[in-house]
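**Student:** Compute the structure for the input listed below.
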Amino acid sequence: MSTATANSRPVTFSPQLVPDDPLALHWLRQVTLRLRREVAWIWHERGLTPGTAGTLPPASDRAAEALDLARYSEDKRHFFAEDETAHYLSAQIAAGEPEIREPPLRGSFSWVAAELALAPTERFLLALSVLTAFDSAAGSVIAACLNDGAATRPTLALAQRLWDEPVALLTVAEPGHRLYGYGLVESGEPPAVRDGSVSWREPLAAPAAVVRQLLFPASGPPALLEPVREDEPGAGAVALGPLDAGGLRVVPVVGPRGAEHAVHAARAAAAAGRRLERFAGPPAALARAGVLDGLVCNCWLRGVDLFLDLEASAVVLASRPPQLPSGAIPIRLFVAVDAAGALAEVPQSMRLPIVHVPRLSYAQRLALWECELGDRGAELGPALGDVARRFRFEAAAIRSVSSRAGDGGRALTAQQLVAACRAEFELDLGELAEQVRPRFRREELVLPHKQSLQLEEIARAMRSLTAVHYEWGTARAWDEAGLAVLFAGPPGTGKTMAAEVLASELDLPLYRVDLSQVVNKYIGETEKNLRRVFDACEASDPIVLFDEADALFGRRTQVRDAHDRYANLEVSYLLSRMERAKGMTILATNRKEDLDGAFLRRLRYVVDFPLPGARERRRIWSVAIPEGVDATDVDVAFLAAAFPLAGGHIRSAIFNACLQSAGRARAAGVPKLRMEDVLVAVRRELDKAERTVSLDRFGPYAELVRGLEHAEGVR
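**Tutor:** Down below sits the predicted model:
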């Protein structure tokens, strides 16, 4: 039975689909010819006339077909020799490869065949894997040859059926074959092996990024990749050495978030004589199987290295072990991380020296601010330098703020720039700290003259920090350190209030560390929590308040057991981080004597908050009474002289008295504070403090208090 009429059309491609590489064109034709010859055999083997049941042979019983493959192998050879169409196709298949006189373009099918010394069987399998990505119509033909309407991608089993010497396909099916190892061919289970046996029915395909380069080598990078701007090797460029054939090498690019990881990676690549491209697609795309392998293979074909930014690297490193591309592909994969530990599970044999990305210095930040703001920052003057110190941003954040700050082309004010910086950096400390909104003004904070002067000195020092560090030259000696301050004194003497006043005057956000969340009984966890606090504050300008600091900054002890050793490590870690902190750190404690002496040496200011004297107490009573409340009945002079209370107790007493007075005066609608309510509230505060006070202390009000406490039905 002849099938010449239906199957003897010449093999052609449309002009838009003709590959640029002649060897690729040859092997794609080889695949197409063999598929058409196989279709001719299927018509014959099933006893059907071509075209009677459709364009392609209908499906048959798959179990019977499997038996027939072996039963009719000899008949198939005779058919190929005797049938007119099959003979014609076999003659075309026998045509040799085209003669290639010029060196092939890098990354082309011809280049790969020469570079890897691919045998004809391997070239055929590569072309078969490429075909479905190159010609969408091939899927239905493959499904007919596989006798499975859903199987539109080729398999090793199909390759064996199409090749004249099926045994030769066994070498291509070996696990770890270079077609799989180099990412040229993907299979359902690369390298298509289950329990040591080859899975002949796993679908094969070449990644789209690979197909494009093999067939059209002059087409440039795929859409998911973009060149990193070339940079001359910097003075500190890491020497990576020449890239040998040892396979994939991972280069850690370690630096803070927002830093120019790609620029430093490009310098290192340029120093090694290589170009660098970056993954520019959505990071989630790298979670899909085969995407990274295809891109890495494409980079190898074009002779460039690949860079993954922080977000893309996080996707690749998220799984355990990391989903790295095939280790056989000889390129460098630059992986941006903010800590070298993120690459701990990458095999040491694959890692190259770390490319360190240093934080921008103050001078670099200031220069970048001036460059990015241009004329808009011309009127900022010293305020711009202050912003450069307070907000230790990297290049990406500075560019982002500069592009959004201000109103069109108008000149910026310092307040606008600071607000834009804070909007860019949202401090997230989770449960470790809470932001405190300052409630008090300086006139509400009543302190002795010495302590008031000290607070003014602290505020002045914080405002002068930029000039002293970078104009007077103290930054290098003091490592650009900020201010560490200790507020010590009995409860209620105004330590937290003073921190709020400073935050308000300096216009700095205030965060109070929650020690119940920071301190952890497990070894090492307290340091981790504190590191989160200090690291989060490193890039911005908050005041960090450690209340009840003695619980955390206690005195180091002699090591008697493991617990003492690790407790001392916590204290030592805190000492180190406090010295390096760039903003303001305030420690508040009721027990100064319990603090480690090394802490006191590292503190810029120590402010002792004493219990207020009679004069201070009178001022506290006066300022603590809410504005708009009638307090003409309250004898402030007597209260201040008679009761040595701290400011916190005084405010508590006034609040409680207001609650009681408001309940009685509600009917009349008069906001009037009654003296008797204040006296009872004072008595309750003394009881809370377990301080026994005789009625004589109440002087002329003793009988009134006695009556309020003992007279039946008075209240």
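
**Student:** mind listing the strands for the stretch 201-350 of the chain?
**Tutor:** Taking DSSP state E, counting those that start in this stretch as the criterion, the stretch 201-350 of the chain contains strands spanning 204-205, 225-227, 249-254, 275-279, 304-308, 332-337.

**Student:** I'd like these as CSV, with distance to H649 and mean neighbour count appended.
**Tutor:** For every residue, glycine as well, the C-beta is placed using N, CA and C. Formatted as CSV, these follow (distance: least, CB to CB, whole Å; neighbours: other CB atoms under 10 Å):
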stretch, distance to H649, mean neighbour count
strand 204-205, 78, 22
strand 225-227, 65, 16
strand 249-254, 52, 22
strand 275-279, 62, 22
strand 304-308, 59, 26
strand 332-337, 52, 25
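
**Student:** Figure out which of these is closest to W27.
**Tutor:** Comparison of the strands of the stretch 201-350 of the chain against W27 by CB to CB identifies strand 204-205 as nearest, at 14.6 Å.

**Student:** what lines up beside the closest one in the sheet?
**Tutor:** If you go by DSSP bridges, strand 204-205 pairs up with strand 186-187 (antiparallel).

**Student:** I'd like to know how far the residue nearest to L447 when sequence neighbours are not counted sits from L502.
**Tutor:** Once flanking residues are discounted, L447 sits nearest to G494: 6.4 Å by CB to CB, 6 or more residues apart in numbering. From G494 across to L502, the span is 12 Å (CB to CB, to the nearest Å).

**Student:** Likewise for P203?
**Tutor:** 68 Å.

**Student:** Those two - which one has more neighbours?
**Tutor:** Per other CB atoms under 10 Å, whichever of P203 and L502 has more neighbours is L502, with 24 against 19.

**Student:** so what does the host helix or strand of that one touch, helix or strand wise?
**Tutor:** Remark: L502 resides in helix 495-506, with elements defined by DSSP states H and E. Applying 3 or more CB pairs under 8 Å, 6 or more residues apart in numbering; DSSP states H and E, we find helix 495-506 packed against strand 433-436, helix 449-470, strand 483-488, strand 510-513, strand 543-546, strand 584-589.

**Student:** and the longest one, how far out from the chain's middle?
**Tutor:** Okay, so that is helix 449-470. 37 Å (CA atoms, centre = their mean, to the nearest Å).

**Student:** Please work out the average pLDDT along that helix.
**Tutor:** When pLDDT is averaged along helix 449-470, the result is 94.

**Student:** Can we start the residue count at 15 from this point?
**Tutor:** Taking 15 as the first residue, the last one we looked at is helix 463-484.

**Student:** now for that helix, which elements pack on it?
**Tutor:** Counting contacts by 3+ CB pairs under 8 Å, 6+ apart, helix 463-484 packs against helix 376-387, helix 396-404, strand 497-502, helix 509-520, strand 619-622.

**Student:** Just the C-alphas of it, formatted as CSV.
**Tutor:** Below are the C-alpha coordinates for helix 463-484, written out as CSV (Å, rounded to 0.1, in the frame of the first residue of the first chain):
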residue,chain,number,x,y,z
HIS,A,463,17.9,72.9,87.9
LYS,A,464,20.8,70.5,87.4
GLN,A,465,18.7,67.8,85.8
SER,A,466,17.0,70.4,83.6
LEU,A,467,20.4,71.6,82.4
GLN,A,468,21.4,68.0,81.6
LEU,A,469,18.4,67.5,79.5
GLU,A,470,19.1,70.7,77.6
GLU,A,471,22.7,69.5,77.1
ILE,A,472,21.5,66.2,75.7
ALA,A,473,19.2,67.9,73.3
ARG,A,474,21.9,70.3,72.2
ALA,A,475,24.4,67.4,71.8
MET,A,476,21.9,65.5,69.6
ARG,A,477,21.4,68.5,67.4
SER,A,478,25.2,69.1,67.1
LEU,A,479,26.1,65.5,66.4
THR,A,480,26.3,65.9,62.6
ALA,A,481,28.6,68.9,62.8
VAL,A,482,30.9,67.5,65.4
HIS,A,483,31.2,64.1,63.7
TYR,A,484,31.7,65.2,60.1
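
**Student:** what's the angle from that helix to helix 396-404?
**Tutor:** Using axes from the mean of the first three to the mean of the last three CA atoms, to 10 degrees, the inter-axis angle of helix 463-484 relative to helix 396-404 is 90 degrees.

**Student:** burial measure for H58, as a count.
**Tutor:** Other residues close to H58 by other CB under 10 Å number 22.

**Student:** For it, which non-adjacent residue is closest in space?
**Tutor:** F93 (5.7 Å).

**Student:** so the one you found makes contact with E52?
**Tutor:** No - using CB atoms under 8 Å, F93 makes no contact with E52, being 10.8 Å away.

**Student:** What's the separation between A158 and A151?
**Tutor:** For A158, the distance to A151 - CB to CB - is 12 Å.

**Student:** Look at those two and report which has more neighbours.
**Tutor:** Each of A158 and A151 has its neighbours counted (other CB under 10 Å); A158 has more, 22 against 8.

**Student:** Kindly list the main-chain dihedrals of the more buried one?
**Tutor:** phi -70, psi -40 (degrees, to the nearest 10).

**Student:** My guess is it contacts V53. True?
**Tutor:** Yes - between A158 and V53 there is a contact under CB under 8 Å: 6.3 Å.

**Student:** any common contacting residues for those two?
**Tutor:** L70, P71 (CB atoms under 8 Å, 6 or more residues apart in numbering).

**Student:** Tell me the bridge partners for A219.
**Tutor:** Using DSSP bridges, the bridge partners assigned to A219 are E200.

**Student:** surely it meets V199?
**Tutor:** Yes - under the criterion of CB under 8 Å, A219 makes contact with V199 at 7.4 Å.

**Student:** low-confidence ranges in the stretch 615-729 of the chain?
**Tutor:** Low-confidence segments of the stretch 615-729 of the chain, defined by pLDDT under 70: 679-684, 722-729.

**Student:** Tell me the spacing between G197 and V224.
**Tutor:** In terms of CB to CB, G197 sits 7 Å off from V224.

**Student:** err, L254, not the other one
**Tutor:** Taking CB to CB, one finds L254 at 25 Å from V224.

**Student:** Of the two, which one has the most company?
**Tutor:** When L254 and V224 are compared for neighbours, V224 comes out ahead with 30 against 20, by other CB under 10 Å.

**Student:** Grab the nearest non-local neighbour of that one.
**Tutor:** Closest to V224 by CB to CB, 6+ apart is C311, at 5.1 Å.

**Student:** what do you get for A164?
**Tutor:** In space, A164 is closest to A157, 7.1 Å off (CB to CB, 6+ apart).

**Student:** which element is the one you found on?
**Tutor:** Since the elements are taken from DSSP H and E, A157 ends up inside helix 152-160.
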